[in-house]
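> After the sequence you'll find the predicted model.
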Amino acid sequence: MSVLNFEKMQEIQKELQEKYKDKWDPLTPERGRDKLLWMIIEAGEIADVSKKCGDKMIMNDIDVRNKFIEEMCDTLMYFNDVMLCYDISPKELERIYLQKHQINMERW
């Protein structure tokens, strides 16, 4: 059984980048800001589905649910592109994520 984690997502993004290397800009720090902006646009598309369709349809209408999840996937793809642009490894992300979690656990 395959597991989808950040390592696998980055592998997939690298494969996609290689396939379209003649059409797409490379994943470099200079392109990181562009990828971040595209990620934000995709996150807006998640919000758009939520706003237009509502929670009940996301939970009960398979087509709406699939569209909602598809937009989440687009956002994650750009998130991984940003990580790749800035050479952020899944291990580095995990370390900082867990540190941030600890801070949040002690915040209030």
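Now that the structure is in, tell me what you want to look at.
> Quick check: the residue minimising distance to the centre of the chain vs Trp24, distance?
Nearest to the mean C-alpha position of the chain, by C-alpha atoms, centre = their mean, lies Leu76 at 1.3 Å. Separation of Leu76 from Trp24 (C-beta to C-beta, to the nearest Å): 18 Å. In this view, the C-beta of every residue, glycine as well, is placed from N, C-alpha and C.
> repeat for Met9
Taking C-beta to C-beta, one finds Met9 at 17 Å from Trp24.
> These two - which one has more neighbours?
Using other C-beta atoms under 10 Å as the criterion, Met9 and Trp24 rank with Met9 on top: 19 against 13.
> okay, the more buried one: pLDDT?
Looking at Met9, its pLDDT stands at 94.
> my guess is it contacts Leu76, does it?
Yes - Met9 is within contact range of Leu76, at 6.6 Å (criterion: C-beta atoms under 8 Å).
> could you say what helices and strands the one helix or strand Lys52 maps to packs with?
If you go by DSSP states H and E, Lys52 is part of helix 29-60. Contact here means 3 or more C-beta pairs under 8 Å, 6 or more residues apart in numbering; DSSP states H and E; on that basis helix 29-60 packs against helix 62-85.
> and the helix it packs on, what does it pack onto?
helix 6-19, helix 29-60.
> For the longest one, buried residues please.
If you call a residue buried by 16 or more other C-beta atoms under 10 Å, then helix 29-60 has these buried ones: 31-32, 35-36, 38-39, 42-43, 45-46, 49, 53, 57-58.
> of all those, which comes closest to Cys85?
Gly32 (3.6 Å; C-beta to C-beta).
> so how many other residues sit close to the nearest residue to that closest one once chain neighbours are set aside?
For Gly32, ignoring the flanking residues on the chain, the nearest one in space by C-beta to C-beta, 6 or more residues apart in numbering is Cys85 at 3.6 Å. Using other C-beta under 10 Å, Cys85 has 20 neighbouring residues.
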